[in-house]
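Undergrad: fold the following, please.
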Amino acid sequence: MTDEKILLTREGLDKIKLEYDELVSIRRAEVADKIREARSYGDLSENAEYDAAKEEQAELEERIHKLETTIRNAVIVSEEEMSKGTVNIGLSVKVKDLDSGDEEIFTLVGSTEADPFEGKISNMSAVGSALMGKAVGDEAEVQIPDGVIRYKVLEVSK
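TA: Below you'll find the predicted structure:
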C-alpha cells in the first residue's frame, strides 16, 4: 500500500505535531494510569472501568497512528508556490458570488486541515478545486446540488 501525500501548510503541520506530542507524552500516561487503577478493582470480566479505559486506549492509539501517518506523508506547500498570485493552498481568497453579490473569504488548505466553520476549505472540495489556480479577475463555476454558483476572484492574499 502506497501512502498518499498530504498537502499541508506549515501552520497545519505544526498543529498536528503539537497534538501528536500531547497524545504521546501526556494522554498515553493518563490512560495507562486509568487502566492500572481499574485493574486494581479486581475481576476484569465484570469491570466496566477497565473496559472503558481499554476502549479509550484503543481510540487514542488509533488517533496517534493517524497523526503519525499524516506527519510522515506531509508535503508542505512552499512559499514559492504561494507567491505566484494565484489561488493555492495556504492562501486566502476573497470572492464575490456573481448571482447574489455576496462576498466571502476562504482560506484553502489540505483536506486534513479543512474546517468550514473557520473558513478553511479543502483544495479537494467543490469550491476549493474550482478556485485553485485562479487569479484576481478570474471567474469560477462551482457545481452544487442546487445548481451552479459563480464566483469572481477579488483578491488573493496570505
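
Undergrad: so what pLDDT did Glu80 get?
TA: The predicted local confidence for Glu80 comes out at a pLDDT of 64.

Undergrad: my bad, Val148
TA: Confidence per residue is given as pLDDT, and for Val148 that number is 92.

Undergrad: what residues does the host helix or strand of it touch?
TA: Counting by DSSP states H and E, the element that carries Val148 is strand 147-157. Defining contact as Cβ atoms under 8 Å, 6 or more residues apart in numbering, one finds that strand 147-157 is touched by 85-87, 91-99, 103, 127, 130-131, 134-142. C-beta: built from backbone N, CA, C; applies to glycine.

Undergrad: okay, now the sheet partners of it, with direction.
TA: Counting by DSSP bridges, the strands paired with strand 147-157 are strand 92-97 (antiparallel), strand 139-144 (antiparallel).

Undergrad: okay, now Tyr151: neighbour count?
TA: Residue crowding around Tyr151 was assessed by other Cβ atoms under 10 Å; the count is 25.

Undergrad: ok, what's across the strand from it?
TA: Asp97, Ala140.

Undergrad: which residue ranges of the protein form helices?
TA: 10-22, 28-39, 48-72, 79-82, 126-131 (DSSP state H).

Undergrad: what's the angle between the first one and helix 28-39?
TA: Relative orientation of helix 10-22 and helix 28-39, computed by axes from the mean of the first three to the mean of the last three Cα atoms, to 10 degrees: 30 degrees.

Undergrad: just the buried residues of helix 10-22, please?
TA: Buried residues in helix 10-22, counted by 16 or more other Cβ atoms under 10 Å: 12-13, 16, 20.

Undergrad: what does the model give the residue positioned nearest the centre of the chain for pLDDT?
TA: The geometric centre of the chain, computed from its C-alpha atoms, lies nearest to Glu113 (Cα atoms, centre = their mean), at 1.9 Å. Glu113 carries a pLDDT score of 84 in this model.
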